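Asker: Next come a sequence and a model predicted from it.
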Amino acid sequence: MPTDSGLLGLLLSPYESQVQPPSPDGSAAPGAGNATSLLPVLTTDPPTPIEGQAWIKQPEGQLRIHSNGRTQVFIPLASQSMLAPMIEIDQYISFVTTLMLSVVVSFQLPVVMMILGWTGLIDPKFLSKYRRHCVFTCFVLGAILTPADPLSMFALAIPLWGLYELGLLVMRMGYRKKADKGGEPA
């Protein structure tokens, strides 16, 4: 039965052995071979570890095993909960800022298209002729501006395509109104 009844003891119970682990200086502990124990928790690495010796180094909370003449860190452990955050605050802020700006800019697409239609700088027929290129561009932008998963790409690309179609519809209405007033669009 593990002496530590917490989560760490539960997770390390498969590492229990019938042999007492060596002391930090590498020598065998007194009474070795007759007791069941967990991996030792040490504050410093043993000065001369023996081949196959394993220990947990605190306060870093790392499982270290000495093999092939060198000490290797196999499992970084968190001291309290065994969970460690995998994302840093600067990465999170960068992600949220990029995603927010891309959504804000994409929702301005119908407004920009409406203004271009009213001023007559772009003909709606021209934009509807190159609709396939726009759909491809929407999906490329969706892939660039979102994380690397298809669901996020579709979550941005499909509304962006819908906004393009809405902008094209509004542009046609604005372009027709200007054409109906009798004058050619400028």
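Answerer: Perfect, thanks for sending it.
Asker: In terms of secondary structure, what does whichever helix in the chain runs longest contact?
Answerer: For the chain, the helix reaching the highest residue count under DSSP state H is reported as helix 150-180. Judged by 3 or more CB pairs under 8 Å, 6 or more residues apart in numbering; DSSP states H and E, helix 150-180 is in contact with helix 89-106, helix 109-119, helix 124-129, helix 131-145. For the C-beta atoms, the positions are set from N, CA and C on the backbone; glycine is no exception.
Asker: what angle do that helix and helix 89-106 make?
Answerer: Direction vectors for helix 150-180 and helix 89-106, defined by axes from the mean of the first three to the mean of the last three CA atoms, to 10 degrees, enclose an angle of 30 degrees.
Asker: With distance to Pro40, mean pLDDT and mean neighbour count as extra columns, can I get the helices and strands packed on helix 150-180 in JSON lines?
Answerer: As requested, these are arranged in JSON lines below (distance: least, CB to CB, whole Å; pLDDT from 0 to 100; neighbours: other CB atoms under 10 Å):
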{"stretch": "helix 89-106", "distance to Pro40": "35", "mean pLDDT": "87", "mean neighbour count": "12"}
{"stretch": "helix 109-119", "distance to Pro40": "63", "mean pLDDT": "88", "mean neighbour count": "17"}
{"stretch": "helix 124-129", "distance to Pro40": "71", "mean pLDDT": "90", "mean neighbour count": "13"}
{"stretch": "helix 131-145", "distance to Pro40": "50", "mean pLDDT": "91", "mean neighbour count": "15"}
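Asker: got those as a markdown table, with distance to Phe154 columns?
Answerer: A markdown table is the format used below for the helices and strands packed on helix 150-180 (distance: least, CB to CB, whole Å):
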| stretch | distance to Phe154 |
| --- | --- |
| helix 89-106 | 14 |
| helix 109-119 | 17 |
| helix 124-129 | 23 |
| helix 131-145 | 7 |
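Asker: Quick check: which of those is nearest to Val170?
Answerer: helix 109-119 (4.7 Å; CB to CB).
Asker: The closest one to helix 131-145, inter-axis angle?
Answerer: Using the same axes, to 10 degrees, helix 109-119 lies at 140 degrees relative to helix 131-145.
Asker: No further questions, thank you.
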